[in-house]
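A.B. asks: need coordinates for the following:
(2 chains)
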Amino acid sequence: MSTKRTNNLIVILLIIAFLGSFMRPVLALATNEEDSNNGDKTFTARARTILLRAVQDIDNWVRGLIYFKEIQEENNVLVFQNRALKSLLIDYHNLKSENELLREALKIHQSQDINFLLANVIGRSPLNFSQTFVIDVGEEDGIKVGQSVVWGGKTLIGEIIDVRKNSSTVRAITDSEFRAAVFVGEGRTEALFTGNGFLPPFLDLVPTKEEIALNEQVYTSGLDNKFIRGLYVGDVSEINKPEGKIFQEIKITPALDWTSIYQVLVIVH
Amino acid sequence: MKKIKQILHVLTFLLFISLLAILQITIINQYPIGGVKVNLVLIGLLANIFNPRFGKVVLGAVVGGLIYDFGGIFNFISLISFLVTIVILHLWSKKYLVKKNMLMIFFFGAIGTIFFNFFYVLLSYFLFHANFFYYFLSLRHVVEILLNGGGAFIFALIGEGFTQISHLFKK
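C.D. replies: Down below sits the predicted model:
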């Protein structure tokens, strides 16, 4: 009888010892402690860690099964929130760029006393003949034929040629019908800027005796009573002085490509 | 039932032309080939020039022309040019061609581009004093003619492919 009791006691003690030795690394793992022996984990500790992870994975999986519906609903809500946040982010970026643009316009407004109206590009000319685009402001917004259209501070994009109730057509500076009186470079050489369709625009009426350098800036002179002075148009990209001719052939690289612009500013005097 | 089917056919075609026109006034501008833009609506219409139901092609010309005009200056010149071009080419093909020929689509695509651009230039000049003759006589116009001819041929080939597949299913 006594041997049986002793045996039972030994078994109980062994179970307690086993559980105790098993719980110790679990506690150590919970508190991120490493085994005391040279900082390395013992074989049993590693085995226990693997076992614990396996149990944890099984537990997660079972929980996933039990709370599947709740998790799915939560996921749907999170996806929805994520999309909503993304759309807000787009709004934020749009507002940011609009804000920067309006600040730029405000500077010009303060210095030159001119007003701007922000417009979105809603269509572009479909054919090769004309280089025009449609904006979403019209007669109701105070738009009139002949007003200048700019972007990015003071870069000229075109002029209004047709106004409807809620939309207007803009002739781009590259259109073959576009003309503007301009100055070239710091020397303020007078010239006539002429659009040339898909080919580079050029400067006309510049006598061969005038000295024009490459990369010189071209900007409106205001002498045509159409555009205000100082609107940036482009840079000189090619100069030819043909013999026997009185005018130079000067090609221009436009400052902006109108086909990739989605917003513009109309100068409303 | 047959009438509903016909109406659906016409509506699908109009939707197709509208889609081409919207593509033309939005993204085509950013992708010129050889310095010119292809004329998607003209290609779509000319690929259907041998279509026995010519009424729907005329309706397509009206819809495409209106969208083009709305995209640029609203002066109905595109609309008129489309109508005149496809009517002339349709009558021409009816008079001189015994049966439909796929290679002829390329020829009609090229000739159609010349006709359309010619009417556009002429009407713009006489009605709105806009001088586009420089483009009509330029090398880029030749490029556009070839591109539109090729485009009409490809469209017609794709259409023919779909017809053959539907015939197979019907059998």
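A.B. asks: what's the helix or strand for the most centrally placed residue in chain B?
C.D. replies: Taking C-alpha atoms, centre = their mean, the centroid of chain B lies closest to residue B:42, which sits 1.9 Å from it. Element membership for residue B:42, per DSSP states H and E: helix B:40-46.
A.B. asks: put the alpha carbons of the helix or strand just after that helix into CSV.
C.D. replies: Using DSSP H and E, the helix or strand that follows helix B:40-46 in sequence is helix B:54-71. Taking Å, rounded to 0.1, in the frame of the first residue of the first chain, the C-alpha atoms of helix B:54-71 are listed here in CSV:
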residue,chain,number,x,y,z
PHE,B,54,-26.6,51.7,-94.6
GLY,B,55,-29.1,53.6,-92.4
LYS,B,56,-27.2,52.8,-89.2
VAL,B,57,-23.9,54.0,-90.8
VAL,B,58,-25.6,57.3,-91.5
LEU,B,59,-26.9,57.5,-87.9
GLY,B,60,-23.4,56.7,-86.8
ALA,B,61,-22.0,59.6,-88.9
VAL,B,62,-24.5,61.9,-87.2
VAL,B,63,-23.6,60.8,-83.7
GLY,B,64,-19.8,60.8,-84.4
GLY,B,65,-20.0,64.1,-86.1
LEU,B,66,-21.9,65.7,-83.3
ILE,B,67,-19.4,64.5,-80.7
TYR,B,68,-16.5,65.7,-82.8
ASP,B,69,-18.1,69.1,-83.2
PHE,B,70,-18.8,69.3,-79.5
GLY,B,71,-15.2,68.4,-78.8
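A.B. asks: return the list of helices and strands in contact with helix B:54-71.
C.D. replies: Secondary-structure packing of helix B:54-71 (3 or more C-beta pairs under 8 Å, 6 or more residues apart in numbering or on different chains; DSSP states H and E): strand A:115-124, helix B:2-26, helix B:40-46, helix B:77-96. Every residue, glycine included, has its C-beta placed from N, CA and C.
A.B. asks: highest mean neighbour count out of the ones you listed?
C.D. replies: helix B:40-46 (a mean of 28; mean count of other C-beta atoms under 10 Å in any protein chain shown).
A.B. asks: which residues are contacting it?
C.D. replies: A:126, B:16-17, B:20-21, B:23-24, B:28, B:57, B:60-61, B:64-65, B:67-68, B:82, B:85-86, B:89, B:105, B:108-109, B:112-113, B:116, B:148, B:151-152, B:155 (C-beta atoms under 8 Å, 6 or more residues apart in numbering or on different chains).
A.B. asks: same question for stretch A:230-244.
C.D. replies: Here stretch A:230-244 has contacts from A:148, A:150, A:153-156, A:173, A:180, A:182, A:184-185, A:193, A:200-201, A:203, A:208, A:212-220, A:222, A:248-255, using C-beta under 8 Å, 6+ apart.
A.B. asks: just give me how far it sits from the chain centre.
C.D. replies: How far stretch A:230-244 lies from its chain's middle: 32 Å, per C-alpha atoms, centre = their mean, to the nearest Å.
A.B. asks: for the least confident helix or strand in chain B by mean pLDDT, C-alpha coordinates in CSV please.
C.D. replies: One helix or strand of chain B scores below all others by mean pLDDT, DSSP states H and E: helix B:133-136, with a mean of 84. This file holds the C-alpha atoms of helix B:133-136, laid out as CSV (Å, rounded to 0.1, in the frame of the first residue of the first chain):
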residue,chain,number,x,y,z
PHE,B,133,-5.2,74.1,-96.9
TYR,B,134,-1.6,74.0,-95.7
TYR,B,135,-2.4,70.7,-93.9
PHE,B,136,-4.4,69.3,-96.8
